[in-house]
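Novice: Provided below are the primary sequence and the corresponding predicted coordinates.
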Amino acid sequence: MKTVLFAAAASALALAACTPATEPAPAPAPVPIDEAAPDGALDEAIAAPSILEIAAGNPDFSTLVAAVNAAGLTETLASEGPFTVFAPTNAAFAALPAGTLDELLLPENKDQLARIVGYHVVSGKVLSAAVPAASAGVATPSINGLDLSVRVEPDNAVKVNQATVTQADIEASNGVIHVVDAVLMPRMEE
């Protein structure tokens, strides 16, 4: 019986040696993780929002956005820029004398409103670190050609005319926003 078992085992080994070996299945090709996106696609996907998009997305700027729209400056603030915007909050607009904002938002006052809204915008991107000291006495022209006094006071407060910057350097794809605590009103003779 031992002989039969031995012969069977030997036969099995001989058959196994003659059978072609099966190759393991090929591993799946790895998925590339650093493949480049089409030109510009990635940039568009991660681009910062524009000044107007930031303002529209913040409920504290709803009055400013309404004023920009009524003044016809939407396209300007959505354009490439760059711009620096001194953005008054809703509270800053509420501090205007009673009825002033309602009067400015009337269609017949569009030019006056555009003058006021444009007075809050400067061409170029000016971060707070680049604002000159008050002692420099530098005038900063707004997009409508009226001069602003943008300066750093000795106490390190950033001021725009009489308004104080309460939050600086909100960067956008087309410039920067500095939140101010008052609406900037150009003098009538300007």
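Specialist: Ah, there it is.

Novice: would you list every one of the helices in this structure?
Specialist: 2-18, 41-46, 51-56, 62-71, 74-78, 90-94, 100-104, 110-118 (DSSP state H).

Novice: Out of those, point me to the one whose mean pLDDT is lowest.
Specialist: Sorting the helices of the chain by mean pLDDT places helix 2-18 lowest, at a mean of 38.

Novice: ok, Y119 to V138 distance?
Specialist: To V138, Y119 is 17 Å away according to Cβ to Cβ, to the nearest Å. Every C-beta, even on glycine, is put in place using the N, C-alpha and C of the backbone.

Novice: Tell me which of those two has more neighbours.
Specialist: Applying other Cβ atoms under 10 Å to Y119 and V138 shows that Y119 carries more neighbours, namely 23 against 14.

Novice: List the contacts of that one.
Specialist: Y119 makes contacts with 142, 144, 146, 148, 184-186, as judged by Cβ atoms under 8 Å, 6 or more residues apart in numbering.

Novice: Show the pLDDT at it.
Specialist: 94.

Novice: can you check the one 10 residues further on too?
Specialist: According to the predicted model, the pLDDT of A129 comes to 91.

Novice: same deal with M1?
Specialist: At M1, the model reports a pLDDT of 42.

Novice: can you check G145 too?
Specialist: The model's pLDDT for G145 equals 91.

Novice: By residue count, what's the longest strand in this protein?
Specialist: Criterion DSSP state E: the longest strand present in the chain is strand 163-172.

Novice: List the buried residues of that one.
Specialist: 163, 165-166, 170, 172 (16 or more other Cβ atoms under 10 Å).

Novice: Please name the nearest non-neighbouring residue to L104.
Specialist: L113 (4.7 Å; Cβ to Cβ, 6 or more residues apart in numbering).

Novice: For the one you found, grab the count of nearby residues.
Specialist: 21.

Novice: ok, now N144?
Specialist: N144, neighbours per other Cβ under 10 Å, totals 16.

Novice: Contacts only, for it.
Specialist: For N144, the contacting residues are 114-115, 118-119, by Cβ under 8 Å, 6+ apart.

Novice: one more time with 7 Å
Specialist: 115, 118-119 (Cβ atoms under 7 Å, 6 or more residues apart in numbering).

Novice: do you know how far the closest residue in space to G81 that isn't next to it in sequence is from T84?
Specialist: Closest residue to G81 apart from its sequence neighbours, by Cβ to Cβ, 6+ apart: N174 at 3.5 Å. To T84, N174 is 10 Å away according to Cβ to Cβ.

Novice: quick one: which of those two has more around it?
Specialist: Neighbours were counted for N174 and for T84 using other Cβ under 10 Å; T84 has more, 27 against 23.

Novice: Assess the claim that the more buried one and V122 are in contact.
Specialist: Yes. Counting by Cβ atoms under 7 Å, V122 is a contact partner of T84 at 4.3 Å.

Novice: From the rest of the structure, what touches the longest strand of the chain?
Specialist: Contacts for strand 163-172 (Cβ under 7 Å, 6+ apart): 48-51, 54, 86, 127-128, 157-158, 176-182, 184.
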